[in-house]
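Enquirer: curious how this folds, go ahead:
(one chain, ligands or ions: 1)
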Amino acid sequence: MTLADLGRDLTPAASDVRFVRPKSSRKGGGKLAFPSGWAAAWPDGGSTPQGASVASTLMGAESTSATSDGARRINLRRPDVMEAVGAQVVAHYRSELVERIRARGGTICFGGMTIHLAKEFGFCYGVERAIDLAYAARKVFPEPKRIFLLGEIIHNPEVNDQIRNLGIVSVSPKPDDAELEALNLGSDDVVIIPAFGTEVGTRRRIEERGCVTVDTTCGDVMSVWKRVRGYSKDGVTSIIHGKAKHEETKATTSQATAYGTGHYLVVFNLEETDMVCRYIEQGGDRATFLERFKGAHSPGFDPDVHLVAVGVANQTTMLRGETEEVQRRIRAAMERRYGPALLGEHFRVFDTICGATQDRQDALGKLLRAPMDLLIVVGGYNSSNTSHLAEMGEKVLPTYFVKNAAKMASARKIRHWNQHISREVETPDWLPLDRPVTVGITAGASCPNNLIEETIRRLVQLRGLDVAALLSAL
Ligand code: SF4
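Expert: Residues are numbered from 1 along each chain as shown. This next block holds a predicted model:
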């Protein structure tokens, strides 16, 4: 989707915004409205018409019907709101230069420099929806209404700065009761849940305070939750290929344990997968295993008990090839341990890599087949899908993962993120000036096009070329 399509509804069949009457104000101990299941997540069981939203009349917003838990509905995506939001978002993130290059097939040759843009890069549908909703929330609930955001709306510092500029205050991704108390968070406040979702307990604490919640969780993330809840319900341990500390994976693991006695184990890479496979096949030292996966398993997890029946899922933004290998190895271990006839009782799988991640990885794979001198990957350093793009690039050619064009200090110096040591490093003489050069550019799903434009402009400038001449040549 392009930014021009902002009015289009990208909502999954669920509400974006809801108001839940504070617990203390409910008569007869009314049902608490947090998602105890996919259908129960929404007052209408998921059948809300696309684009419908729920919010409080406290905001003076237009109200319609009341739901069983006391929530009242308004449409956050009213045409007047979306028109204003669309204009604002386009002004902040659109790039005409990028659009012109794309219209020419994604390649420009100018003054001895060739730039190839990956066919797919930048904002995905889930990110665009999250940003739309955050901007729409500010429109519908203007200042001085307090709007809080759990952590970051997406993993891009520039976008988060823009959200802050709207007067939306970022709090910790998982605020505890003390922090909520210090904020004096209550029914007059709005809380935005980011695109990668939040933990069940966090949502519950916020809703118990009666806040309006603007839920921007991506539908693809919710699909993983649904799968993991299904595993838990059937007594199957979720093995999640992901980063244990990433917000999305934390939210997903909370779904595994929130509604019963489910368990989970997070594996980050193939090395960890092989450890799990060895334990499945041969058993091992329980304490050593638990220590090795400290912080990546459910409370009470016992590998002797909870690795007997497993279901694999994954963080939506992992490398597809690696995820497939994780699935294959665990399946093979189960088959060797229990035999092909019983495999169905011990192993399940569901591919939860999202389409947008896949498209960006496929497009980069294709781009990397072209001869190039270097690749620039633009995006937030804590962005999972962006880091995987950088990982793909660095296997093939010099790759520089930068969060913005300012990191390209000169042709002699670039500061870029090294994800293997989790810090920025400096590389000298990274951009050849004495010969023709071919540069590839891609960006993660949370990177706006204006940052790609700045990157292109900076490259042109560093090569001693005239940006205005480039623009007029396109
Ligand atoms: S990367 Fe995928 S899961 Fe994440 S917000 Fe985008 S579409 Fe949704």
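Enquirer: where does pLDDT dip in the stretch 51-200 of the chain?
Expert: Scanning the stretch 51-200 of the chain for pLDDT under 70 picks out the ranges 51-75.
Enquirer: pick out the residue in it sitting closest to the ligand.
Expert: The stretch 51-200 of the chain approaches the ligand most closely through residue 126 (2.5 Å), counting by CB to the nearest ligand atom. The C-beta positions use only the backbone N, C-alpha and C, and glycine is treated the same way.
Enquirer: number of nearby residues for that residue?
Expert: The number of residues packed near residue 126 is 26, by other CB atoms under 10 Å.
Enquirer: which parts of the stretch 201-350 of the chain sit against the ligand?
Expert: 218, 220, 221, 316, 317 (CB under 6 Å from any ligand atom).
Enquirer: stretch 388-395 close to the ligand?
Expert: No - using CB under 6 Å from any ligand atom, stretch 388-395 never reaches the ligand; the gap is at least 10.7 Å.
Enquirer: just to revisit the earlier point, tell me the most packed of the residues of the stretch 201-350 of the chain next to the ligand, by neighbour count.
Expert: Of those, with other CB under 10 Å as the count, residue 317 tops at 32 neighbours.
Enquirer: contacting residues around the closest residue to the ligand within the stretch 251-400 of the chain?
Expert: When scored by CB to the nearest ligand atom, the stretch 251-400 of the chain has residue 354 as its residue closest to the ligand, at 3.2 Å. Neighbouring residues of residue 354 by CB atoms under 8 Å, 6 or more residues apart in numbering: 124, 126, 218, 220, 221, 316, 317.
Enquirer: can I get the residues of the stretch 201-350 of the chain next to the ligand in a markdown table including pLDDT, secondary structure and distance to residue 361?
Expert: Formatted as a markdown table, these follow (pLDDT from 0 to 100; DSSP: H, G, I helix; E, B strand; the rest coil; distance: CB to CB, whole Å):
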| residue | pLDDT | secondary structure | distance to residue 361 |
| --- | --- | --- | --- |
| 218 | 95 | coil | 17 |
| 220 | 93 | helix | 15 |
| 221 | 94 | helix | 18 |
| 316 | 92 | coil | 12 |
| 317 | 90 | coil | 10 |
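Enquirer: on that earlier part again, list phi and psi for the residue of the stretch 251-400 of the chain closest to the ligand.
Expert: phi -80, psi 160 (degrees, to the nearest 10).
Enquirer: what about residue 434, how many residues close to it?
Expert: 6.
Enquirer: what's the distance between it and the ligand?
Expert: Counting by CB to the nearest ligand atom, to the nearest Å, the separation of residue 434 from the ligand is 39 Å.
Enquirer: that residue: what secondary structure?
Expert: Put simply, residue 434 is coil when judged by DSSP: H, G, I helix; E, B strand; the rest coil.
Enquirer: distance check, it against residue 180.
Expert: Distance, residue 434 to residue 180, by CB to CB, to the nearest Å: 59 Å.
Enquirer: for the stretch 301-450 of the chain, what spans make up the strands?
Expert: Using DSSP state E, counting those that start in this stretch, the strands of the stretch 301-450 of the chain run over 310-314, 347-349, 374-378, 399-402, 413-418, 423-428, 437-443.
Enquirer: the first one packs against which elements?
Expert: Of the remaining helices and strands, those touching strand 310-314 by 3 or more CB pairs under 8 Å, 6 or more residues apart in numbering; DSSP states H and E are helix 219-233, strand 237-241, helix 320-338, strand 347-349.
Enquirer: of the ones you listed, which stretch is the most buried?
Expert: Compared across those, strand 237-241 shows the largest average neighbour count, a mean of 27 (mean count of other CB atoms under 10 Å).
Enquirer: just to check, the residue of the stretch 51-200 of the chain closest to the ligand is in contact with residue 445?
Expert: Yes - if you go by CB atoms under 8 Å, residue 126 and residue 445 touch, sitting 7.4 Å apart.
Enquirer: where do the contact lists of these two overlap?
Expert: With CB under 8 Å, 6+ apart, residue 126 and residue 445 have common neighbours residue 356.
Enquirer: outline the domain layout of the chain.
Expert: 3-86+125-218, 95-123+356-473, 221-353 (automatic domain parsing).
Enquirer: so how far is the shortest one off the chain centroid?
Expert: In terms of CA atoms, centre = their mean, to the nearest Å, the centre of domain 221-353 is found 20 Å from the chain centre.
Enquirer: does stretch 139-155 reach the ligand?
Expert: No - using CB under 6 Å from any ligand atom, stretch 139-155 stays clear of the ligand, with a minimum separation of 7.2 Å.
Enquirer: quick one: end-to-end distance for that stretch.
Expert: 23 Å (CA to CA, to the nearest Å).
Enquirer: how near is residue 247 to the ligand?
Expert: From residue 247 to the ligand the distance is 11 Å (CB to the nearest ligand atom).
Enquirer: how about the helices and strands packed on strand 310-314 in CSV, adding distance to residue 266?
Expert: Formatted as CSV, those follow (distance: least, CB to CB, whole Å):
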stretch, distance to residue 266
helix 219-233, 11
strand 237-241, 5
helix 320-338, 11
strand 347-349, 16
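Enquirer: these: which one's closest to residue 110?
Expert: Closest to residue 110 of the helices and strands packed on strand 310-314 is helix 320-338 (CB to CB; 33.8 Å).
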